[in-house]
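Novice: Prediction below, plus the sequence it came from.
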Amino acid sequence: MQSKGALFEADRRYVFHPFTALDAHQRDGAPLVMTGGSGVYLQDSEGGRYIDAMAGLWCVNVGYGRAELADAMQRQALELSYCHAFSSMASDKPALLAERLIAMAPVPMSKVFFGNSGSDANDTQVKLVWYYNNARGKPEKKKIIARQRGYHGVTVMSGGMTGLPGLHAGFDLPLPFIRHTKAPHRLWEGHGLSDEQFVAKLVDDLEQLIAREGADTIGAMIAEPVMGAGGVIEPPPGYFSAIQEVLDRHDILLIADEVVCGFGRLGEMFGTTKTGMKPDLITVAKGLTSAYFPLSACMVSERVWDVLVEGGSRYGAFGHGYTYSAHPIGAAVALANLDIIENDGLVAVAAQRGERLHQRLQEAFAGHPLVGEIRGHGLIGALEFVAEKTPPKAFDPALKVAPRIVKAALARGVISRALPSADTMAFSPPFVITDEEIDRVVAASREAVDEVMGELEREGQWRR
């Protein structure tokens, strides 16, 4: 077994970490090296134990160390470790999984295209939109509308659709055919407005964008039912029905990015159902396997599929796919994961635990001088920190308020996440978290917020 020092040094010297300050990591290395996980807990190389209140990256929904998923991987690796899906080659588990996904889809869908991650799946969705409009004889309808603060991945295409400036900096993103409309972020975009007024403002922003660009140049809009990395932002009532009317009128497809919300995170199987979206294409990943194996899926409606099939007469065989598309081990893990979710009633459990989480967050933080907004639905939540409340005023990003709070929570045995482009602390624990563990997460978070508030006050950066 590697010594503690050897593990830290190997990581510092050789691992290229995503979403990491490279200079600081090269100098100091990681604060922790994780070596084990069970239920909602992670364990580090020194024996420290932490509640993972983020389920990894919004993904380990059934918890760590599930023997059922390990067994599914082993069985499938022994039966059929790999089979590609090119040129009509098929294997059993992906076929069964696709059938199951179509049966459980929140709106009628026709076919499933498998990939490896939410990022590549959203890239695939854009290619489908382009192919669809080329096949319809509308080659100018290629622009994609996303939303500010939306998160759709980090590939060249999906990274551009992501509406977070930090993911564009240094990468020449977004590409020129991507446009962003306002996020339904009440704290900054709808302060003081009623739900109806806020929806009208957001719809007007979208209408103006379409008018400027020309509807004949826009192929699709992509949106998360509830935004994840952009701040855990829930849209106001009536938002998606109003957006849908605009898209339908202008012949613009809707892509539902269910990567975070799908498979129970909001207390319903899909966020599409909760928010009333009517997408033409649906992206799923994370919760599909609870992150035990990399797998994503694009669900394609009959409307789009029929046109793709017709396009074959002009373009020949569909020229897109990955070596690991429809991987049999990934499909086997997904089937076992869905069994756990359904057999253990984890969607209902997520709804119940979510009520507990939001009750405790309200009790601990309603009226707290640093908390501008408490957000979330189901088993996903967030606190956004502000320097002033009325009107809301953001902290100087250089103060790194949310990262400091998250670090203070980590010292108390709780892993949360500071979200990019805002002073926001997120929570998205595994569905198997208990009420007692939720209480510990919130209590540790309150202590961490109070600790950093005191530091800011002593530094002269904030006052009551």
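Specialist: Perfect, I can see it now.

Novice: Dump the helix or strand hosting N122 to PDB, keeping only the CA atoms.
Specialist: Here N122 sits within helix 118-135, counting by DSSP states H and E. What follows is helix 118-135, C-alpha atoms only, in PDB (Å, rounded to 0.1, in the frame of the first residue of the first chain):
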ATOM      1  CA  GLY A 118     -23.500  14.500 -20.100                       C
ATOM      2  CA  SER A 119     -21.000  16.600 -22.100                       C
ATOM      3  CA  ASP A 120     -20.700  14.300 -25.100                       C
ATOM      4  CA  ALA A 121     -24.500  13.700 -25.000                       C
ATOM      5  CA  ASN A 122     -25.200  17.400 -25.300                       C
ATOM      6  CA  ASP A 123     -22.700  17.500 -28.100                       C
ATOM      7  CA  THR A 124     -24.700  14.700 -29.800                       C
ATOM      8  CA  GLN A 125     -27.900  16.600 -29.300                       C
ATOM      9  CA  VAL A 126     -26.500  19.600 -31.200                       C
ATOM     10  CA  LYS A 127     -25.400  17.400 -34.000                       C
ATOM     11  CA  LEU A 128     -28.900  15.800 -34.100                       C
ATOM     12  CA  VAL A 129     -30.400  19.300 -34.300                       C
ATOM     13  CA  TRP A 130     -28.100  20.200 -37.200                       C
ATOM     14  CA  TYR A 131     -28.700  17.000 -39.000                       C
ATOM     15  CA  TYR A 132     -32.500  17.300 -38.500                       C
ATOM     16  CA  ASN A 133     -32.600  20.800 -40.000                       C
ATOM     17  CA  ASN A 134     -30.300  19.900 -42.900                       C
ATOM     18  CA  ALA A 135     -32.500  16.900 -43.700                       C
END
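
Novice: next SSE after that helix?
Specialist: Going down the chain from helix 118-135, the next helix or strand is strand 143-147, by DSSP H and E.

Novice: Need the CA coordinates for that following strand. PDB is fine.
Specialist: Coordinates of each C-alpha in strand 143-147 appear next as PDB, following Å, rounded to 0.1, in the frame of the first residue of the first chain:
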ATOM      1  CA  LYS A 143     -27.900  28.400 -33.700                       C
ATOM      2  CA  ILE A 144     -28.400  27.100 -30.200                       C
ATOM      3  CA  ILE A 145     -30.000  29.100 -27.400                       C
ATOM      4  CA  ALA A 146     -28.800  28.300 -23.900                       C
ATOM      5  CA  ARG A 147     -29.200  30.300 -20.700                       C
END
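
Novice: before we move on, the earlier item: tilt between the helix holding N122 and strand 143-147?
Specialist: 140 degrees (axes from the mean of the first three to the mean of the last three C-alpha atoms, to 10 degrees).

Novice: and helix 118-135, what other elements does it pack with?
Specialist: Applying 3 or more C-beta pairs under 8 Å, 6 or more residues apart in numbering; DSSP states H and E, one finds that helix 118-135 contacts strand 111-115, helix 156-161, strand 218-223, strand 253-257, strand 281-284, strand 296-300, helix 302-315. (Each C-beta comes from the backbone N, C-alpha and C, glycine too.)
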